[in-house]
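Asks: below: sequence and its predicted model.
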Amino acid sequence: MQDAGHIAFDGVSVVREGRTVLRDITLSLTARSIAVVGANGSGKSSFARTLNGLVPISSGILSVHGLDPSRDGKAVRQRVGMVFSNPAAQVIMPTVREDLAFTLRGRKLSRDEISARVDAALEKVGMAGLADSSVYSLSGGQQQLVALAAVLIGEPSLIVADEPTALLDLGNAKAISRILLDEFDAQVVLVTHDLDLAKRCEYALCFADGRLADAGEPAAVVERYRRTYA
Ligand SMILES: Nc1ncnc2c1ncn2[C@@H]1O[C@H](COP(=O)(O)OP(=O)(O)OP(=O)(O)O)[C@@H](O)[C@H]1O
């Protein structure tokens, strides 16, 4: 597709419950990995959620890989995978295998194809041995790996991860960030308060009070963000 890997905001604002939470955002993103940093309440999650239409924009024009999230909802949801901090809220079906297979509903795949894709996705996140386990018997970190596998299995062209490592121990946090930043070969938008993680992305955005306060090379953006609190 012509616009693969291209996210464009043109004068986008978002009003939630009468309050402007994103103001006049204009940017063009083609980097493979994009960190989103900023203070609590600065608009990072609202920004992330516009990308798959979870939060509708109120004005301006938004194009995500050539799609308009407010109009092409179904296509956008197939193409844009979301990962949040709370894994328990993301797993839907009782067993790991069922949960991953659920993502593929409506894709007209045979049972064998579904099974092969489930196994491959679990292999990618290092959970191959737990396919038939109950999701509820897993640790939070393992559940987050399942949630990520459930996104990967849909072969999205963009993953939007909102604080995906916030509740995880160091080992699981490293596993999630390695998969997202080193192994996944499409685009990633990563909202994070972990500034070292942000620096590992190719590009960074910093929000302040609903405005795009800074954008550019991650180490420089992080350093300027740190200085605002010095
Ligand atoms: N569902 C909602 N309805 C109305 N306003 C909301 C809603 N969710 C968030 N907001 C408001 O939007 C503003 C931006 O919130 P958002 O969650 O986007 O910020 P954030 O930068 O992700 O914050 P944090 O780092 O705390 O997660 C805040 O003022 C918040 O109160």
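Replies: Good, I have the coordinates.
Asks: which strands or helices does the host helix or strand of residue 219 pack on?
Replies: Per DSSP states H and E: residue 219 is located in helix 218-227. Packed against helix 218-227, as judged by 3 or more Cβ pairs under 8 Å, 6 or more residues apart in numbering; DSSP states H and E, are the following elements: strand 33-38, helix 195-199, strand 203-208, strand 211-216. The way it works is simple: take the backbone N, C-alpha and C, and place the C-beta from them, glycine included.
Asks: give me the buried positions along the last one.
Replies: What it means is strand 211-216. 211, 212, 213, 214, 215 (16 or more other Cβ atoms under 10 Å).
Asks: ok, now stretch 216-230?
Replies: So stretch 216-230, judged by 16+ other Cβ under 10 Å, has buried residues 218, 221, 222, 225.
Asks: can you show me the strands along this protein?
Replies: For the chain, applying DSSP state E gives strands covering 7-16, 19-29, 33-38, 59-64, 80-83, 158-162, 187-191, 203-208, 211-216.
Asks: out of those strands, nearest to residue 132?
Replies: strand 80-83 (23.0 Å; Cβ to Cβ).
Asks: so for that closest one, mean pLDDT?
Replies: Mean pLDDT, strand 80-83: 95.
Asks: about what we covered before: and the strands of the chain as CSV, adding distance to residue 100?
Replies: Below are the strands of the chain laid out as CSV (distance: least, Cβ to Cβ, whole Å):
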stretch, distance to residue 100
strand 7-16, 27
strand 19-29, 29
strand 33-38, 24
strand 59-64, 24
strand 80-83, 12
strand 158-162, 15
strand 187-191, 20
strand 203-208, 30
strand 211-216, 35
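Asks: closest to residue 46 out of those strands?
Replies: strand 19-29 (4.7 Å).
Asks: for the chain, what lies in contact range of the ligand?
Replies: 16, 17, 19, 21, 38, 40, 41, 42, 43, 44, 45, 46 (Cβ under 6 Å from any ligand atom).
Asks: try 8 Å
Replies: Proximity of the chain to the ligand is confined to 16-17, 19, 21-22, 38-49, 55, 162-163, 191, 193, 207, 210 under the rule Cβ under 8 Å from any ligand atom.
Asks: whichever of those end up buried, select them in ChimeraX.
Replies: Applied in ChimeraX, the following selects the buried portion of those according to 16+ other Cβ under 10 Å:
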select :21,22,38,39,42,43,44,45,46,47,48,49,55,162,163,191,207,210
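Asks: taking the centroid of the chain, which residue is nearest it?
Replies: residue 160 (1.5 Å; Cα atoms, centre = their mean).
Asks: tell me the contacts of that one?
Replies: 48, 49, 51, 52, 80, 81, 82, 83, 188, 189, 191 (Cβ atoms under 8 Å, 6 or more residues apart in numbering).
Asks: go again using 6 Å as the cut-off
Replies: Taking Cβ atoms under 6 Å, 6 or more residues apart in numbering, we find residue 160 in contact with 48, 51, 82, 189.
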